[in-house]
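Undergrad: Sequence below, structure please.
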Amino acid sequence: MFNQISPLQLTYLLVVTITSSADVFLPAMILQHCQRDAWLVPLLAGVAASLLVVLYNSLAVRGAGGNFTTLLGVAFGRLPGRLLAWFYFLFVFLITTVLLSEVVQIISSVFLVATPPYILIAILLLLGAYARYSGFQTLLRVNELLFWPGILFRLVILLVALPAFKPLNYLPMLGSGAGMLLSCTFETLAWFSEFFLILLLLPLPERRPNLLPYLLAAVWAVVLINIVLYESIGVFGVRQASALVFPVLDIIRLASLSSPMLNLDAFAMTFWFGAVCIKLMFFYYLTWHLWQQVAPATTCHLLPMTVLMAVLPLLAIDETSRSIRSLTLSWPGMSFVFQVVLPALILLKLRLKLGGQVNNPAGS
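TA: Sure thing, here's the model as predicted:
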């Protein structure tokens, strides 16, 4: 699958999949705690994410040509590696169901209020199944079509909100304290470290270009996009911005009110919904791919997995504020374990076992 993906396509995929969720939920979480210092958080998280990407790239090089389950088996032994692969499958499955729940929650509470959630879930899962059926290249091409218009749209939002922007709203700095700033950085890093899922849980070809410059470019593209979201502090003031559930949407509405001809709400939701659907389809694809690695899965197993994936969001859909609190409490810890601690342990074990050998896991 990754034999046909170019480094630029990989960069686009990383940026779109990570920012599609962070655009909506992350600012509300960070603003409530870090207040006017929230714009510093993506910069600190970007430094940490850059170090993690170096780690992930080193790990991917050692496992190039093999799958993730094989890599775990080489690092920890056959049985522990297989058990750990199952935990990773459950982790990705959980991410996919939570993502599906978030999307349906926003659509059903803001746009299609009269539409039953199970219909929205069915439509989104059918899109995921179609992506699985049509192949990964189709998903990549659609992602490319959305990438640059999405970047351009963010620049437009930045410009049209400038008349209401007040730099003094960001002063004084460090009012929330260094401890809170580090805590929010940890929380943001939980979202940024999805780089691991994309880079390591999918197979990479044995011979490939150096991906590290592209990965670092993707990290800082995500950082810059995330900083734009905290323009709401300068526009509304920290007190009002921290009380908003979706600050970026309120900036868009403010721009639309100042010039009704812009009608930016519709454009914003088109790009966001397209990006989040791509992310959902990709994680559906990734869930199925991991299942094939940890179990002798065939196409007929796709139906029960999809049914379970549909039932769990129906049980989880609730008030948006409650979902945000749940994500704030659970997601950073899970992400840190599965996307920071365990990858570091895997690399350490491989270095101790294989020394300077690079592609040994693939041939094991």
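Undergrad: Let me see the ranges of the helices in the stretch 101-250 of the chain.
TA: For the stretch 101-250 of the chain, helices defined by DSSP state H, counting those that start in this stretch occupy the ranges 117-134, 136-160, 178-192, 195-200, 212-229, 231-236, 238-243, 247-258.
Undergrad: Name the residues of stretch 174-189 that are buried.
TA: 176, 180-181, 183-189 (16 or more other CB atoms under 10 Å). Just so you know, the C-beta spots here come from the backbone N, C-alpha and C atoms, and that holds for glycine as well.
Undergrad: What is the nearest of those residues to Gly274?
TA: Thr188 (23.6 Å; CB to CB).
Undergrad: How many neighbouring residues does Lys279 have?
TA: 23 (other CB atoms under 10 Å).
Undergrad: Apologies, that question was intended for Leu348.
TA: Applying other CB under 10 Å, we find 11 residues neighbouring Leu348.
Undergrad: ditto for Lys166
TA: Look at Lys166: counted by other CB under 10 Å, it has 11 neighbours.
Undergrad: what do you get for Gln9?
TA: 20.
Undergrad: from now on call the first residue 44
TA: From this message on, residue numbering opens at 44, which makes the last subject Gln52.
Undergrad: Distance check, the nearest residue to it once chain neighbours are set aside against Ala284.
TA: In space, and not counting its chain neighbours, Gln52 is closest to Leu183: 5.0 Å by CB to CB, 6 or more residues apart in numbering. The spacing between Leu183 and Ala284, counted by CB to CB, to the nearest Å, is 35 Å.
Undergrad: before we move on, what about Arg184?
TA: Looking at Arg184 against Ala284, where the rule is CB to CB, the gap reads 37 Å.
Undergrad: go on, Arg125?
TA: Relative to Ala284, and taking CB to CB, Arg125 is found at 47 Å.
Undergrad: Quick one: list the elements packing against the host helix or strand of Phe325.
TA: Assigned by DSSP states H and E, Phe325 belongs to helix 307-337. Applying 3 or more CB pairs under 8 Å, 6 or more residues apart in numbering; DSSP states H and E, one finds that helix 307-337 makes contact with helix 50-65, helix 111-119, helix 121-149, helix 160-177, helix 179-203, helix 290-301, helix 345-359.
Undergrad: Measure how far the fourth one is from the centre of its chain, please.
TA: Read it as helix 160-177. 19 Å (CA atoms, centre = their mean, to the nearest Å).
Undergrad: same check, this time on the shortest one
TA: Between the mean C-alpha point of helix 111-119 and the mean C-alpha point of its chain there is a distance of 24 Å (CA atoms, centre = their mean).
Undergrad: can I get the CA coordinates of it in CSV?
TA: Extracted in CSV, the C-alpha atoms of helix 111-119 (Å, rounded to 0.1, in the frame of the first residue of the first chain):
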residue,chain,number,x,y,z
PHE,A,111,3.9,-3.7,13.0
THR,A,112,3.0,-7.1,14.5
THR,A,113,6.2,-8.6,13.2
LEU,A,114,8.1,-5.7,14.7
LEU,A,115,6.5,-6.2,18.1
GLY,A,116,7.3,-9.9,17.9
VAL,A,117,11.0,-9.2,17.2
ALA,A,118,11.2,-6.7,20.1
PHE,A,119,9.3,-8.5,22.8
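Undergrad: buried stuff in it?
TA: Taking 16+ other CB under 10 Å as the criterion, helix 111-119 shows 111-119 as buried.
Undergrad: same for that helix, what does it pack against?
TA: helix 121-149, helix 307-337, helix 385-397, helix 403-406.
Undergrad: same thing but at 6 Å, please
TA: If contacts are counted by 3 or more CB pairs under 6 Å, 6 or more residues apart in numbering; DSSP states H and E, helix 111-119 sits against helix 121-149, helix 385-397, helix 403-406.
Undergrad: and those helices, which one's lowest on average pLDDT?
TA: Mean pLDDT is lowest for helix 403-406 among these, at a mean of 37.
Undergrad: rewinding a little: for the buried residues of stretch 217-232, which one is nearest Pro160?
TA: Checking those against Pro160 by CB to CB gives Glu230 as the nearest, at 27.5 Å.
Undergrad: Contact partners for the closest one?
TA: Pro375 (CB atoms under 6 Å, 6 or more residues apart in numbering).
Undergrad: Can you say which of the helices and strands packed on helix 111-119 is nearest to Leu102?
TA: Leu102 sits nearest to helix 385-397 of all these, at 4.8 Å, using CB to CB.
Undergrad: From Ile48, how far off is the closest residue to Ala260 other than its chain neighbours?
TA: Of all residues not flanking Ala260 in the chain, Thr54 sits nearest, at 6.0 Å (CB to CB, 6+ apart). Distance of Thr54 to Ile48, given as CB to CB: 10 Å.
Undergrad: what does Trp234 give?
TA: Trp234 is 23 Å from Ile48, by CB to CB.
Undergrad: The two: which has the busier surroundings?
TA: Regarding Trp234 and Ile48, a neighbour count based on other CB under 10 Å identifies Trp234 as having more, with 23 against 18.
Undergrad: hang on, isn't the residue nearest to Gln52 packed against Leu53?
TA: No - Leu183 is not in contact with Leu53 according to CB atoms under 6 Å; the separation is 8.8 Å.
Undergrad: before we move on, back to that, count the neighbours of the residue nearest to Gln52 for me.
TA: 20.
Undergrad: cool, Met216 as well?
TA: 11.
Undergrad: Give me the nearest residue to it, chain neighbours excluded.
TA: Asp80 (6.3 Å).
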